[in-house]
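>>> need the 3D shape of this:
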Amino acid sequence: MSFRLAACAEMIYGELPLIERVRRIHEQGFEVELWDTRNRDIAALAATGARFSSMSGYFGGSLIDPANADRVVESAENLIPAALELGIERMVVHPAELGDGGAAVRPLHRSTGQMWLTGLRTLERLGRLGERHGVVFALENLNTALDHPGIPLARAKDTLALVSAVGHPHVRMMLDLYHAQIGEGNLIELVRAALPWIGEIQVADVPGRFEPGTGEINYSAVAGALADVGYAGVIGLEAGASGGPGLAAGDQSLSAFREAFLVG
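Next up, the predicted model:
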């Protein structure tokens, strides 16, 4: 297999404590994505032996708001010790601050030149921070139609433009194909265009945000396209199990995910 496969511990095996979710994902041969690591037992997570691919890289502020951008950088710096202890490669940020349910803390429905410039400068600062500590900050695209209303510069074309404009090796894109399908579509051309800037890819099917094979996205074709262009990085399942709660449903979800990304 040419891809490294990961699963988000926040979205699968929800009936288990987080540590047990991590262990179960690891035992099945997957790397682990995490969200918020605050108030977590970092030493216990590290002791599971799992390989962690990514985690949330900030907990306040907005990349694109001059009044709140400093908070993004400050919170990112506070999270770096946890990332280093866990051996995490990528710390995920978003164009603006997310609140309960993923909605914008300060909803805005149009972008401005000031937002672009502030986002660019904040990402440049994160790039320098990442370079000092050996981590990459990955800007994730979001959909605003369903999950994240009120987030400007969230579409994949915008996040790609920002990341490529920064041009720093410690700033990359967390390309979320679930969000891109809802907001933009044309996924194979998107991965080809974004390839030089991709830090990690996240997947889930549409509709429902379940494992590949449960919706409209032809993930086997996407996998083939990724293999054709030489992508050999992480693909993370950020999805619930279509079978509902229960360990068997979670196991089936991971199995279907692995099957969708078998190539060659």
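>>> measure the residue positioned nearest the centre of the chain to Val93 for me?
Nearest to the mean C-alpha position of the chain, counting by CA atoms, centre = their mean, stands Met174 at 4.9 Å. Using CB to CB, to the nearest Å, Met174 is found at 8 Å from Val93. (C-beta placed from N, C-alpha, C; glycine too.)
>>> give the residues shared as contacts by these two.
By the contact definition CB atoms under 8 Å, 6 or more residues apart in numbering, Met174 and Val93 are jointly contacted by 138-140.
>>> quick one: Ala138 and Glu89 touch, right?
No: contact criterion CB atoms under 8 Å: Ala138 and Glu89 do not qualify, at 9.1 Å.
>>> off-centre distance for whatever helix or strand Asp158 lives in?
Assessed by DSSP states H and E, Asp158 sits inside helix 156-166. Its chain's C-alpha centre and that of helix 156-166 lie 15 Å apart, by CA atoms, centre = their mean, to the nearest Å.
>>> other SSEs contacting that helix?
With contacts taken as 3 or more CB pairs under 8 Å, 6 or more residues apart in numbering; DSSP states H and E, helix 156-166 sits against helix 113-133, strand 136-140, strand 171-176, helix 177-183, helix 187-194.
>>> could you rerun that using 10 Å?
If you count contacts as 3 or more CB pairs under 10 Å, 6 or more residues apart in numbering; DSSP states H and E, helix 156-166 packs onto helix 113-133, strand 136-140, strand 171-176, helix 177-183, helix 187-194, strand 198-203.
>>> now the angle from the shortest one to helix 156-166?
If I follow you right, that is strand 136-140. Counting by axes from the mean of the first three to the mean of the last three CA atoms, to 10 degrees, strand 136-140 points 150 degrees away from the direction of helix 156-166.
>>> for Ala7, helix, strand, or coil?
strand (DSSP: H, G, I helix; E, B strand; the rest coil).
>>> can you check Ile80 too?
Following three-state DSSP, Ile80 is assigned to helix.
>>> just confirm it contacts Val136, I think it does.
No: assessed by CB atoms under 10 Å, Ile80 is found out of contact with Val136, at 11.7 Å.
>>> quick one: which of the two has more around it?
The neighbour count for Ile80 versus Val136, taken as other CB atoms under 10 Å, is higher for Val136 (23 against 18).
>>> which residues does that one contact?
Residues in contact with Val136 (CB atoms under 10 Å, 6 or more residues apart in numbering) are 54, 57, 88-92, 126-127, 130, 168-172, 174, 199-200.
>>> overlap in contacts of Ile80 and Val136?
Residues touching both Ile80 and Val136 by CB under 10 Å, 6+ apart: 57, 88, 91, 130.
>>> just the ones of the residues you listed in strands?
The strands, defined by DSSP state E, take in Met91 from the shared contacts of Ile80 and Val136.
>>> residues in contact with Ala9?
By CB under 10 Å, 6+ apart, the residues touching Ala9 are 16, 18-26, 30, 32-35, 45, 50, 52.
>>> likewise for Glu27?
Shown in contact with Glu27 (CB under 10 Å, 6+ apart): 48-50.
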